[in-house]
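Trainee: give me coordinates for this.
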Amino acid sequence: MPCYDAYMTAPKRTRAGITNVRNPPSSPIERLSNDPRFQAGLQAILEKFKAPYDEEENRQVLALVLTVQAGLVVVPPRRYQPDRSKGTGKAWEALGDFPARFRALADEVERLSQGLWFNPQSWVMNDRAKEADFVGLPTVMRSFASHVEERAKQVRQYSGLSYKGKCSPEIGPLMERVKQYAGQYRDQEVCELLNAAANVMGSKTQFDLQTLMDCRQRSKRRQRHMLQRTKQYGRQ
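Mentor: Numbering: from 1, shown residues only. Have a look, this model is predicted:
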């Protein structure tokens, strides 16, 4: 980003005059590439690669791929943190209890409609369409509450924000990639690589063998579920 680099390196004016030139911050990839512990963990994995992935040209490319994936595991990117309530006028947290509140409001509308002076069937006699709308309003409100509840569940799942603890959406693909290149899962080496990456990126997350096995199973379940959902949508 030339404009960003130009801004960061340009002299900054203050009341006291021009400050020293500020250097642009190093990227996460540069920080991981320059860290001895992370590079040692990366080389330990690269040494396990089978042909043709063990060729030097392939190793260089795959080293970059694994570096990027390891960084994404310990520091999820913004694409896993979308504005899930965009356009609703509500914070995402406020949407959590919205279905329950909407159903309670539907109950109130239903009770009000049963009152002597507010029953649509008694007082809206000249407009059948409006009468039907009013009578069916509680049912529509409950249906919409269920719609919001289901969509919120799907958004949490498919945005990648539904993962718990250390099971980032990127960790499954990372382990499968290592298996593809090395011929088998290398959980111990992957643990060391991710812990080194977490240390570089300032993350408190630490990984162990049990965590990787749990994340692998969760990733497979997520893939099966997404495949089932895709088939269901295809039939519609």
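
Trainee: poorly predicted segments of the chain, please.
Mentor: Scanning the chain for pLDDT under 70 picks out the ranges 1-26, 76-85, 154-166, 229-236.

Trainee: kindly recompute the last result at 90.
Mentor: Flagging of the chain using pLDDT under 90 yields the residue ranges 1-30, 50-62, 65, 68-69, 71-99, 113-135, 146-173, 201-206, 211, 214-236.

Trainee: for it, which segments count as strands?
Mentor: Along the chain, the segments classed as strands by DSSP state E run 13-14, 17-18.

Trainee: any idea how many residues pack against Ala198?
Mentor: 21 (other C-beta atoms under 10 Å). Any C-beta I mention is one placed from the backbone N, CA and C, and that applies to glycine too.

Trainee: quick one: it and Gly41, what's the gap?
Mentor: In this view, Ala198 and Gly41 are 11 Å apart by C-beta to C-beta, to the nearest Å.

Trainee: check Phe144 too.
Mentor: 50 Å.

Trainee: same thing with Ser168?
Mentor: 17 Å.

Trainee: just to revisit the earlier point, who has more neighbours out of Phe144 and Gly41?
Mentor: Higher neighbour count among Phe144 and Gly41: Gly41, with 22 against 15, using other C-beta under 10 Å.

Trainee: list the residues that contact the nearest residue to the more buried one once chain neighbours are set aside.
Mentor: Leaving aside its chain neighbours, Gly41 sits nearest to Leu193 (3.9 Å; criterion: C-beta to C-beta, 6 or more residues apart in numbering). Taking C-beta atoms under 8 Å, 6 or more residues apart in numbering, we find Leu193 in contact with 38, 41-42, 44-45, 66, 70.

Trainee: in ChimeraX, select just the buried ones from these.
Mentor: ChimeraX command restricting these to the buried ones, with burial defined by 16 or more other C-beta atoms under 10 Å:
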select :38,41,42,45,66,70
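
Trainee: domains of the protein?
Mentor: Domain assignment for the chain by automatic domain parsing gives 30-82+169-235, 92-158.

Trainee: and those domains, which is most packed in?
Mentor: domain 30-82+169-235 (a mean of 16; mean count of other C-beta atoms under 10 Å).

Trainee: please state the offset of that domain from the chain centre?
Mentor: 16 Å (C-alpha atoms, centre = their mean, to the nearest Å).

Trainee: cool, stretch 104-122 as well?
Mentor: 42 Å.

Trainee: now swap in stretch 27-34 and tell me
Mentor: How far stretch 27-34 lies from its chain's middle: 23 Å, per C-alpha atoms, centre = their mean.
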